[in-house]
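>>> quick check, what structure comes out for this input:
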Amino acid sequence: MTEKELRQKAMALPLQPGVYIMKNKDKKIIYVGKAKKLKNRVSSYFGAHTNHSLKVIRMVENVDDFDYIIVDTEFEALVLECSLIKQHMPKYNILLKDDKGYNYIKITKGEFPRISECKRMADDGAEYVGPYISNFSVKNAVEETLKIFKLPRCSKQFPRDYGKSRPCLNGFMGLCSSPCAARITREEYVNNVKDAVAFLKGGSQAAVREMTKQMQQFSENLQFEEAAKLRDRIKAIKNLDEKQKVVSINVPEEDVFVLVNGKKKACFEVIRFENGRLTDTEFWLIDSVDDLPTARFELIERYYAMRSRIPARIAVDGDIEDENLLLQFLENRRGKKTEFIHPQKGEHLSILKMCIQNANEHLAQSEGRLGREFAALEELAKLLGLSKPPEFIESYDISHTFGADNVAGMVVFHNGRPMKSAYKRFSIKGFDGQNDVGSMNEVLTRRFNHYYNDEEGSTFKILPDLILLDGGQPQVNAVLPVVAEMGINVPVFGMVKDNKHRTRAIAFDGGEIEINSHRSAFTLVSDIQEEVHRFAISYHHKKHKKTTLSSSLLSIEGIGEAKAKALLKHFKTISKIKESSVEELQKCSSINSNNAQKIFEFYHNM
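Sure, this is the predicted structure:
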């Protein structure tokens, strides 16, 4: 069907709740959606595309036909949509791949058993504990157990390597019993493994109770060395418990969701708590989203379609479209009441920030960047109301000496880092005298003329996601008409400085945004402000130096710029050139006898 035919079909739909199913020319389902009113929602796809994201436009371009199913309520539409997405996995829906599977703890047989985590059971005679759903909890449990019971984590094989080498670093630090150096007998090693397996199966509290009884018995029997070993083991378990309390919350169960949106990718991250302890963490990298509240709805819905446990509390980092509808869906699946919380302070906000930090790190790693750089860009985007963290930031500063030698510097930051290949210098040509506002207007006009007129490959062809100007609202007001007139849709803000020339706020629309309390964004903006100031003033000094040369050395007959530079390199200052004799001037390699005579006469006849 043509888009016109599809719109005609959509306009004939009823104003009732339902699910619509988009298909391509091969009759394959490429998108499933729900709607309160089918006619309004479906017809919106086939009109003007001005309000559609690029992803929606591409989806619509591939639609050849659509089906629909009418239901009684919006809730029924949501349940049906969830079922159809899970069944067909349409290309243009936000999807979460469930590759979690089951996890096991493996205990090998032999004279020196080893404990490890694995994905599947094998017919190899080993003992397996599990299955567990959480890979995170299994890895943590194995790592903690090996530390507490001082079991080896190296690749050495025992008994082959027993007593044949010096202990590794873990052995020297007391984290391993060092069978490689024969510091433990086979019987002691096997008993440690048995205790470790009991610890894994019974949990820390049961293990501590049993160890405490054994320690007391050893003490009563005057076996103080054995009692001391158990005392140290109990202490290690309690220390571990204390460390776990750092990431705990005072509620029985809670899931924490965040969605960090990047330029090309977004990261959906969840941290799960049971009995107040962190038990699992997962993340997915998806295509960048255009509507965060809608995306949160879809992602949380998809997540719980894959997981059986729904907690009593769910913390999220922002608004959710149709939050009450999603809550009804989750409560229906759980069979009990649940709630969304939007943390603003306290321990819940700390956990949410930890989740955001992890998501930033995962997103940064996927793009070959540092987590702190992405965190700074995301914080800046939220502060300025940008839909996504800016990939390219351009910043401008004007430099002059009392209105003379007016220049401007333009620096570019790409993904939070200086992109020096795109730096540009501008010599102000439109007027003389001090006029920072007029200078900024001229510079931005010239910059975007280059954007339209330069050939491909020029760094001027890179359109920034954000412009930061050195100065306050006057500079912003000077640039906004230029940007609008040239058809450039880029947000423009000013960097307001304190009396020590440090950025203290960001100017926008007649007001100011304080940034001192936003550490990551403050550091990034301060770095940009310092870099553009450095770049602009270095160009100004260079131009001013050339002007100084023009007013003295370049005024001398036979002295051009090359010879003037050679003289300054040789004598260092104009004063020394003035004080030099004809013979001394000739010692400069570029200066002949005639040049030397002219220079001497110029400065001594002034």
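>>> quick one, strands of the stretch 351-500 of the chain?
For the stretch 351-500 of the chain, the strands defined by DSSP state E, counting those that start in this stretch occupy 392-401, 404-414, 417-418, 424-427, 466-470, 492-497.
>>> so the longest one versus strand 466-470, what angle?
Just to be clear, that refers to strand 404-414. Strand 404-414 and strand 466-470 are oriented at 150 degrees to each other (axes from the mean of the first three to the mean of the last three C-alpha atoms, to 10 degrees).
>>> who's in contact with residue 464?
Counting by C-beta atoms under 8 Å, 6 or more residues apart in numbering, residue 464 makes contact with 390, 392-394, 412, 490. Just so you know, the C-beta spots here come from the backbone N, C-alpha and C atoms, and that holds for glycine as well.
>>> which one is it nearest to, not counting chain neighbours?
residue 394 (4.1 Å; C-beta to C-beta, 6 or more residues apart in numbering).
>>> rewinding a little: mean pLDDT and distance to residue 28 added to the strands of the stretch 351-500 of the chain, as CSV?
Putting the strands of the stretch 351-500 of the chain into CSV (pLDDT from 0 to 100; distance: least, C-beta to C-beta, whole Å) gives the following:
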stretch, mean pLDDT, distance to residue 28
strand 392-401, 83, 37
strand 404-414, 83, 39
strand 417-418, 89, 42
strand 424-427, 87, 49
strand 466-470, 89, 40
strand 492-497, 87, 45
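>>> pick the most buried one from those.
Mean neighbour count (mean count of other C-beta atoms under 10 Å) peaks for strand 466-470 among the strands of the stretch 351-500 of the chain, with a mean of 25.
>>> strands paired with that strand, and their directions?
Strand 466-470 has its sheet partners listed here by DSSP bridges as strand 392-401 (parallel), strand 492-497 (parallel).
>>> out of those, flag the one nearest residue 320.
Smallest distance to residue 320 across the strands paired with strand 466-470 (C-beta to C-beta): 29.0 Å, for strand 492-497.
>>> which stretches of the stretch 251-400 of the chain have low pLDDT?
Scanning the stretch 251-400 of the chain with the threshold set as pLDDT under 70 gives 251, 367-371, 400.
>>> how close does residue 604 get to residue 590?
Separation of residue 604 from residue 590 (C-beta to C-beta, to the nearest Å): 21 Å.
>>> of the two, which one has the most company?
residue 590 (15 against 8; other C-beta atoms under 10 Å).
>>> helix, strand or coil: sort out the more buried one for me.
What DSSP: H, G, I helix; E, B strand; the rest coil gives for residue 590 is coil.
>>> thought the residue nearest to residue 464 was touching residue 467?
Yes. Residue 394 is in contact with residue 467 according to C-beta atoms under 8 Å; the separation is 5.2 Å.
>>> and residue 27, how far from residue 83?
According to C-beta to C-beta, residue 27 stands 20 Å off from residue 83.
>>> neighbour count winner among these two?
Using other C-beta under 10 Å as the criterion, residue 27 and residue 83 rank with residue 83 on top: 13 against 8.
>>> show the pLDDT at the closest residue in space to residue 472 that isn't next to it in sequence.
Spatially, and ignoring its direct neighbours in sequence, residue 472 is nearest to residue 507 (4.5 Å; C-beta to C-beta, 6+ apart). Turning to residue 507, the model gives it a pLDDT of 83.
>>> who are the contact partners of residue 507?
Counted by C-beta under 8 Å, 6+ apart, residue 507 has contacts 471-473, 475-476, 493-496, 513.
>>> ok, of those, which one's closest to residue 313?
Set against residue 313, the nearest of those by C-beta to C-beta is residue 513 (32.3 Å).
>>> so the closest one touches residue 385, yeah?
No. Look at residue 513 against residue 385 with C-beta under 8 Å: they stay out of range, at 9.3 Å.
>>> the more surrounded of the two?
When neighbours are counted by other C-beta under 10 Å, residue 513 and residue 385 differ, and residue 513 comes out ahead with 15 against 9.
>>> next, residue 507: secondary structure please.
Secondary structure, three-state DSSP: residue 507 is strand.
>>> where's residue 135 relative to residue 269, distance?
Residue 135 is 15 Å from residue 269, by C-beta to C-beta.
>>> comparing the two, which residue is more hemmed in?
The residue with more neighbours, out of residue 135 and residue 269, is residue 269; 25 against 18, by other C-beta under 10 Å.
>>> next one: phi and psi at the more buried one?
Backbone torsions of residue 269, given as degrees, to the nearest 10, read phi -120, psi 140.
>>> and residue 122, by the same measure?
Here is the backbone geometry of residue 122 (degrees, to the nearest 10): phi -130, psi 160.
>>> from residue 106, how far off is it?
From residue 122 to residue 106 the distance is 8 Å (C-beta to C-beta).
>>> neighbour-wise, which of these two wins?
The neighbour comparison of residue 122 against residue 106 (other C-beta under 10 Å) goes to residue 106, with 20 against 10.
>>> check which helices and strands whichever strand or helix holds that one sits against.
Using DSSP states H and E, residue 106 sits in strand 103-107. Helices and strands touching strand 103-107, by 3 or more C-beta pairs under 8 Å, 6 or more residues apart in numbering; DSSP states H and E, are strand 115-118, strand 127-132, helix 135-148, helix 186-202.
>>> quick one: strands adjacent to it?
Sheet pairing of strand 103-107 (DSSP bridges) gives strand 115-118 (antiparallel), strand 127-132 (antiparallel).
>>> among those, which is the most enclosed?
Most buried of the strands paired with strand 103-107, by mean neighbour count (mean count of other C-beta under 10 Å): strand 115-118, with a mean of 18.
>>> now what about it, what contacts it?
By C-beta under 8 Å, 6+ apart, the surrounding residues in contact with strand 115-118 are 103-108, 128, 135, 138-139, 141-142, 145-146, 151, 193, 196-197, 200.
>>> drop anything exposed from those residues.
By neighbour count, with 16 or more other C-beta atoms under 10 Å, the contacts of strand 115-118 hold 103-107, 135, 138, 141-142, 145-146, 151, 193, 196-197, 200 as buried.
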